[in-house]
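Asks: output the structure for:
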Amino acid sequence: MIGVVNTLYSLDCATKCTNDNACGEAFRKLRVIHDNCEAANAKAFEWAGAFAIEDAASTWLMQKVDGDYADPAMKLALIPTTKPTYEEMKKNENKGSNLLVGDCEVVKDGASMKPATAGSCFQLTVGSGADSTFSMDLTGLTGLLVYAEHVPLEFERDKHFFYDSADEDIEPTAWEGPLAFEWVGVFPISTTSVKWSMQKVDGAYADPSMNIVIMPTSTPTYATMQGMMNYIASDMLTGDCEVVEDGGSMTPAEGGSCFQLTVGSGADSEFTIVTGEGDSTMAGMVVFAQHGPTEFERDKHYLYTAAGEDIEPIAQESGSGGGHDHGHRRLDSTRRLLDIDAALHDFEDSCDAVACYIEVANCAAGSADLSSLSTLADRASRKCHVTEEEATCCPGKVCEGDKEDQSGAKPAAALAGVMLGLMATMQ
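Replies: Prediction:
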């Protein structure tokens, strides 16, 4: 999916979309994915994490928040591992998901659980108190993969959800779940500095400050942006960010940096991003923002050169979460590896003329003659739309005017075969 959308962006299909420049084919593939593959990557977990284990006696915690538990129970799939890494977590996500949809051992508040070598599923059931604890016997383990039915942070009030016998927090070495950014974009860079703008709209700023993570890249593409949309950027955005006041400047590190842009008292606030020195400039940058940057646009684009020329994103995505409740890591935006709806919207105006799965060019008007196999074959070869009569005249059904040719094959059956062949070429 990412490859298809990256092709559309790299060919600038939003500007010109035809069959000649390969945009038409790519957009039709995107349409097929959008219409048929909505749940192709669905998983049973909302959150996953990889943990390095140093203490055999550890505890999982679920707390009431604002007087109530987020849910009365939560399933956890636990898979022991010797490699508590992001790659290993992704490799085992189907296994974790399958464990969650199976039968899970019920574990009540105060009880214990021990994962099997091949992995186990437990249903943690909260008690009546403000906190519910579940001990884990992790004897002999150096790593643990956790796939959770709900986001553990939903059950955090004043204490981390996983800790050891010394009451020290056990933080994930990698995780996947709700991310902190509401918006992400990738930009080409050709100058040694650029400007970021935040403006008052209707007399006020959308927020008095905004965290952004800037990651330099040598390949400013949609695929690069997608590859960076993970826990690393999210953790940076919710961590310690360098404060930059109105009129200040920032220089992102090679591996990325977080900055807290703080507006001034005027109608416009401007910040300088140092993107190079001398003849050396970064080729591009991926920006993760706590809020959508257009929320701070009144009459000026949010990113531009020192000469005032707008810098538009090569690609961008917005999180599905809304509002501005960004407290205590309880995050609204859900992780979306690929926003199919947003991608389709970006290209549908330009590609509308070539958007049909089956093209209509050079097709005769009027009803097709179902009694003529050659007519049906010709229409199929031209990729013509099928009529309602053609579509409902299926093999095994006797249609008006339908008759066999010398081979005994019915025309409708032949058309169905040709159509299946055409669809196969689009896979």
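
Asks: tell me the phi and psi of S374?
Replies: phi -70, psi -40 (degrees, to the nearest 10).

Asks: ok, now K83?
Replies: Dihedral pair for K83: phi -130, psi 80, per degrees, to the nearest 10.

Asks: got it, and V126?
Replies: Per degrees, to the nearest 10, the backbone of V126 is at phi -70, psi 160.

Asks: show me what the residue nearest to it when sequence neighbours are not counted is bridged to.
Replies: Using CB to CB, 6 or more residues apart in numbering and skipping the chain neighbours, the partner closest in space to V126 is S132 (4.2 Å). All C-beta spots, glycine's among them, are computed from the backbone N, C-alpha and C. Per DSSP bridges, the residues bridged to S132 are M62.

Asks: got the confidence number for S132?
Replies: For S132, the model assigns a pLDDT of 98.

Asks: cool, M423 as well?
Replies: Per-residue pLDDT puts M423 at 46.

Asks: and if you look at L124?
Replies: 98.

Asks: for it, give its distance to D71.
Replies: As judged by CB to CB, to the nearest Å, L124 and D71 stand 10 Å apart.

Asks: so those two - more neighbours on which side?
Replies: Each of L124 and D71 has its neighbours counted (other CB atoms under 10 Å); L124 has more, 27 against 13.

Asks: which strand residues bridge the more buried one?
Replies: In this entry, L124 is beta-bridged to M74, V107, by DSSP bridges.

Asks: do D164 as well
Replies: S58.

Asks: which residues touch it?
Replies: Contact analysis of D164 by CB atoms under 8 Å, 6 or more residues apart in numbering lists E54, D55, A57, S58, T59, I170.

Asks: of those residues, closest to V146?
Replies: Nearest to V146 among the contacts of D164, counting by CB to CB, is I170 at 10.3 Å.

Asks: which parts of the stretch 51-200 of the chain are helices?
Replies: Secondary structure of the stretch 51-200 of the chain (DSSP state H, counting those that start in this stretch): helices at 86-91, 93-100.

Asks: quick one: these as a markdown table, columns for mean neighbour count and distance to G308 too.
Replies: Putting those into a markdown table (neighbours: other CB atoms under 10 Å; distance: least, CB to CB, whole Å) gives the following:
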| stretch | mean neighbour count | distance to G308 |
| --- | --- | --- |
| helix 86-91 | 17 | 41 |
| helix 93-100 | 18 | 46 |
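
Asks: D235: which of those helices is closest?
Replies: Comparison of the helices of the stretch 51-200 of the chain against D235 by CB to CB identifies helix 86-91 as nearest, at 11.9 Å.

Asks: my guess is A166 contacts S58. True?
Replies: No: taking contacts as CB atoms under 8 Å, A166 lies outside contact range of S58: 10.0 Å.

Asks: and the two? Which one has more around it.
Replies: Using other CB under 10 Å as the criterion, A166 and S58 rank with S58 on top: 21 against 8.

Asks: tell me who's in contact with the more buried one.
Replies: S135, M136, L138, F162, Y163, D164, S165, I170.

Asks: nearest to D207, of these?
Replies: Comparing the contacts of S58 against D207 with CB to CB places F162 closest, at 31.5 Å.

Asks: so who does that closest one touch?
Replies: Contacts of F162 by CB under 8 Å, 6+ apart are F51, S58, T59, W60, L61, P152, D169, I170.
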